[in-house]
Structure formats: structure tokens, C-alpha cells
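Peer 1: fold the following, please.
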Amino acid sequence: MPFQGETSKCLEELSNVNGNGTTEDDTIIIADAIVTCHIKEGNSDKAVEYLNTLLKTSSERTQEKVFGHACFLLAREQIRNGHRISAARLAKRILRLAKAASDHYLERSGLQLLATIYEKQHDPKSTRALLKKFLDVPGATVQEQVRALLQLAALAPETGDDALKYLNEALDQAKRSGNIDVIVTAQSAMLRYYMCFTPDNELCLSELLSEQRNLLKEDIGKFLAFRRIQRSSG
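Peer 2: As a prediction, the model looks like this:
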């Protein structure tokens, strides 16, 4: 398939770039791309093999940032492949690294992984505790914060929490960010809540649907304006 050929070529080029001269940040970007390529080709085993090699080389070079990120990517693959015990060990290792280095990014990564593992083990209370810890760690993006809040809302029926509280907080944060994709995600979650639990609340449903229509019009308007600029400059 042409796509597979292009992916293989991309992998080869990325592997050639990934040498001793690259910075840790560059190595992390390259690692993300290589793992994504392997997964797109359906080669999860190759992704795991690459990450194990990266763990070894980053440890030898004392690249703590790369090592921690490789642990995160490997744990994510272990979760995807159903190896939760191995993934949990890696997540705890990441948290130890985060504590030693006072690294908020690694701390969030470790908490995110453990929350996913406990959610898959149908342990809503542990998942909730980890997500709340995640939200307390500085530096999370708006997308990450909103995603965690929506997860907490989804867990609410099992934890006894108020789902609407989390949904409102997620929507408020999304609106403050001005990111249309994040706003639509939060609004869609709110719509599902009202349709499932308070379908008779027609006013709230109507307001949310109206807001989504307006956002869609705004997004389409921006796209059309961008296309006009492209044509005029072409």
C-alpha cells in the first residue's frame, strides 16, 4: 500500500535524524513520531522494541527527560496491549523520577497513566483520586484539564459526585481558552448529560444547541475567510 510505503520512508528518515547531536526535546518529538508511525502500520511490537532501546540509550546518556517520556510511551503501549501490571510499574517509576527531578510534566504523565489503568480495572474511586491529583499539578494544558474534568463527570454516577459541577467547570475553562474544538467537546458532554439525566430541561438543551450552531458558523466563517486570502495571494 502507498501509505505503508510512505510511513516506512518516514520511519527511516526519523531514525537517521535521531542521533547523538539531537537535544532531549528533539529526541522526544522524534520518539513520538516514530511510535505513531509504528502504530499506524499496526506494528505495536516494533514500537515497544524501539521504546525499550530508547530507554537503554537514554539511561546510558543520563537523559532523564527522554527516559521519563519513553517510560510514558511504553506504559501507554502496555495499557493498549492489556499489560496493566507492567504499565503500572512504569507509571510508578515515572512518578519517582518526577519527584526526584521536581518535574511537573512527568508527574502529570504518571498520574494520567495510573488513572487510565484504574479506570480499566473498574476502580472509579481510585481513578477519581488520581484525576484530582492530576488537576492539582501545575502546567496542564486547557485540553488536558477539560479532558480530566469530563472523565470525573463520567465517573460521577459511580463515585457519588455531582457530574454537573465538573461539566460546568470544564465548559467554563473551555470558553475562557477560546479554543473552539475544546468548547465543542465540553458542550457535547454537557448535552449528553442533559439528554440522559434531564431530558425535560428543554431550555438548557436549546441554549447549548444554539451555542454549538453559532460556534460552527463562526468556524466556517473563519475557514472561508482563510480560503479567500489563499486565493487572493495565489
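Peer 1: using the record's assignment, carve the protein into domains.
Peer 2: Residue ranges for the structural domains of the chain, counted by the TED database, are given in the record as 26-138, 141-233.
Peer 1: list the contacts for the residue nearest to Val66 when sequence neighbours are not counted?
Peer 2: By the measure of Cβ to Cβ, 6 or more residues apart in numbering, the closest residue to Val66 outside its immediate chain neighbours is Ser58, 4.0 Å from it. Where C-beta positions appear, they are placed from N, C-alpha and C, glycine not excepted. The neighbours of Ser58, taking Cβ atoms under 8 Å, 6 or more residues apart in numbering as the test, are 27, 64, 66-67, 70.
Peer 1: returning to what we had before: which stretch in the domains of the chain has the least confidence?
Peer 2: Within these, the least confident segment by mean pLDDT turns out to be domain 141-233, at a mean of 84.
Peer 1: how about whatever helix or strand the residue nearest to Val66 lives in: buried residues?
Peer 2: Assessed by DSSP states H and E, Ser58 sits inside helix 44-60. By neighbour count, and taking 16 or more other Cβ atoms under 10 Å as the criterion, the buried residues in helix 44-60 are 46-48, 50-51, 54-55, 58.
Peer 1: make CSV from these and add distance to Arg128 to it.
Peer 2: Putting those into CSV (distance: Cβ to Cβ, whole Å) gives the following:
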residue, distance to Arg128
Lys46, 36
Ala47, 30
Val48, 30
Tyr50, 34
Leu51, 29
Leu54, 33
Leu55, 31
Ser58, 33
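Peer 1: relative to Met190, which of the residues you listed is nearest.
Peer 2: Each of the buried residues of helix 44-60 was scored against Met190 by Cβ to Cβ, and Ala47 proved nearest at 35.7 Å.
Peer 1: excluding chain neighbours, give the residue nearest to the closest one in space.
Peer 2: Distance criterion Cβ to Cβ, 6+ apart; nearest residue to Ala47, sequence neighbours excluded, is His38 at 3.9 Å.
Peer 1: what strand or helix carries the one you found?
Peer 2: Taking DSSP H and E as the definition, His38 sits inside helix 24-40.
Peer 1: and if you look at Gly82?
Peer 2: Going by DSSP H and E, Gly82 is not in any helix or strand.
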